[in-house]
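>>> here is a sequence with its predicted model. Questions after.
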Protein chains: 2
Amino acid sequence: MSKGPIEFYYDFSSPYGYIGAMRIEDIAAAHDREILWRPILLGVIFKATNSAPLMHVPLKGEYSKHDFARTARYYNVPYKLPSKFPIASQAPARGHYWLEEQDKGLAKRFSLAVFNAYFVEDKDVSSPEVAADIAHALGVDRAAFLEAIQAPEIKQRLKDETQAAVDKGVCGSPFFIVDGEPFWGSDRLPMLSAWLERGGW
Amino acid sequence: MSKGPIEFYYDFSSPYGYIGAMRIEDIAAAHDREILWRPILLGVIFKATNSAPLMHVPLKGEYSKHDFARTARYYNVPYKLPSKFPIASQAPARGHYWLEEQDKGLAKRFSLAVFNAYFVEDKDVSSPEVAADIAHALGVDRAAFLEAIQAPEIKQRLKDETQAAVDKGVCGSPFFIVDGEPFWGSDRLPMLSAWLERGGW
């Protein structure tokens, strides 16, 4: 029986991506699956799907603002709409891939800390300096981090990961793929969980 | 304590609207709420939100086609992607409001029968003739129905209902409002149910 990882695609600027991150570990553990943490750039997805950030869409923007907070309360996830929202998430996304080359667990902890800094502590994680502070708090050398996220290889890595996601049909954040089955949205997690339980239907 | 109705907005061409219609009655009954059945035109919503039918959106189209069917199976709702999809739903939507003026229960049964004809029997419910057949099977005079859905007053009624929905922030199908609280998508029904249970959070 296949026991592949849960591929988890997210943009650090996505509130539903954050809520997904807060919930996916319990689901993965309950079904004995690894998680493949894959930060991507929603801007590229928006171009591929002729879409725009929810906050810029009439009607949907107001609704979403309300639903982000209500959904977080529903799941007991601490949440505050950041002062600067949405943001470009290149700095922390590149940082994740650089850290992953050294230590997968460290990269995951970094991703969770970035989400917490943005959606709980209202820190502007689009800033390389802020991203470096978050990494430093996890024991990473600050200067090495800042240098790494400007390196051409890591810039290309993030582009390649985002393109690979688009090629797999990833059309939003969060997006999960397990055993080839795609699930878009944190609201699909109960269904993803049932899918793992039953092996599909 | 407020015991207002669950306002239920849907387009007959919306698979998630259909799935919502198959599930909302049990939820309403469990919480002793009436349902206000409100067919609207998604085309007007798309204009208001600069959106397009999911099937016409790259990546999201393919995903949605897969998710419509998977979600229907998850809830044991019979479903087949119609041969002609999406469609313009003026004829049955006008029919609903005309029937509602005579008998609310009849209008509801008509809406459910339209959904069934489209998503189970693959009938093109955009056709006035097909809509009239569906009404006729419920005991309605066929000729009177066909005349009624061409009357200026009923055309205006549908326009007004759709505009009223937009004014309330309705940004998709299905969309539910209960005690002023908005819920977009059939995937928000568990949350709507919890909201009724707890009186909000």
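On my side now, so go ahead. Numbering: from 1, shown residues only, chains lettered A, B, ... in the order given.
>>> who in chain A is up against chain B?
Within chain A, the positions adjacent to chain B are A:45, A:48-52, A:57-60, A:62-63, A:66-67, A:70-71, A:73-74, A:166, A:169-172, A:182, A:184-185, A:187-188, A:190-191, A:194, A:201 by CB under 8 Å from any CB of the partner chain. Bear in mind the C-beta positions are built from the backbone N, C-alpha and C, glycine included.
>>> next, the contact list for A:S173, please.
Taking CB atoms under 8 Å, 6 or more residues apart in numbering or on different chains as the criterion, A:S173 is in contact with A:Y9, A:Y10, A:D11, A:S14, A:Y16, A:G17, A:G20, A:I40, A:L42, A:I45.
>>> which one of those residues is nearest to chain B?
For the contacts of A:S173, the residue nearest chain B by CB to the nearest CB is A:I45; the value is 7.7 Å.
>>> can you give me the buried ones in the one helix or strand A:T162 maps to?
Element membership for A:T162, per DSSP states H and E: helix A:152-167. Going by neighbour count (16 or more other CB atoms under 10 Å in any protein chain shown), the buried part of helix A:152-167 is A:I154, A:R157, A:L158, A:E161, A:T162, A:A165, A:V166.
>>> which residues sit against the helix or strand of chain A with the lowest mean pLDDT?
In chain A, no helix or strand scores lower on mean pLDDT, DSSP states H and E than helix A:42-48, which sits at a mean of 94. With contacts defined as CB under 8 Å, 6+ apart, helix A:42-48 is touched by A:11, A:13-14, A:51-53, A:86, A:88-89, A:162-163, A:165-166, A:170-173, B:58-59.
>>> can you rerun that using 7 Å?
Applying CB atoms under 7 Å, 6 or more residues apart in numbering or on different chains, the set of residues contacting helix A:42-48 from outside is A:D11, A:S13, A:S14, A:A52, A:T162, A:V166, A:V170, A:C171, A:G172, A:S173, B:P58, B:L59.
>>> is it true that the second one lies in a strand?
No: counting by DSSP: H, G, I helix; E, B strand; the rest coil, A:S13 falls outside a strand, being coil.
>>> wait, it touches A:K84, no?
No: the pair A:S13 and A:K84 does not pass the contact test of CB atoms under 7 Å, sitting 9.6 Å apart.
>>> neighbour count winner among these two?
Under the criterion of other CB atoms under 10 Å in any protein chain shown, the comparison of A:S13 against A:K84 puts A:S13 first, with 25 against 13.
>>> pLDDT below threshold where in chain A?
A:1-2 (pLDDT under 70).
>>> in it, which spans are helices?
Assigned by DSSP state H, the helices in chain A fall at A:15-30, A:42-48, A:60-74, A:90-102, A:104-119, A:128-136, A:142-148, A:152-167, A:189-198.
>>> so can I have JSON lines of those showing distance to B:R33?
JSON lines is the format used below for the helices of chain A (distance: least, CB to CB, whole Å):
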{"stretch": "helix A:15-30", "distance to B:R33": "28"}
{"stretch": "helix A:42-48", "distance to B:R33": "37"}
{"stretch": "helix A:60-74", "distance to B:R33": "19"}
{"stretch": "helix A:90-102", "distance to B:R33": "44"}
{"stretch": "helix A:104-119", "distance to B:R33": "33"}
{"stretch": "helix A:128-136", "distance to B:R33": "46"}
{"stretch": "helix A:142-148", "distance to B:R33": "54"}
{"stretch": "helix A:152-167", "distance to B:R33": "41"}
{"stretch": "helix A:189-198", "distance to B:R33": "23"}
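>>> just those helices: most buried one?
For the helices of chain A, the largest average neighbour count (mean count of other CB atoms under 10 Å in any protein chain shown) is found in helix A:90-102, namely a mean of 22.
>>> counting contacts, what elements does that one pack onto?
Applying 3 or more CB pairs under 7 Å, 6 or more residues apart in numbering or on different chains; DSSP states H and E, we find helix A:90-102 packed against strand A:35-39, helix A:104-119, helix A:128-136, helix A:152-167.
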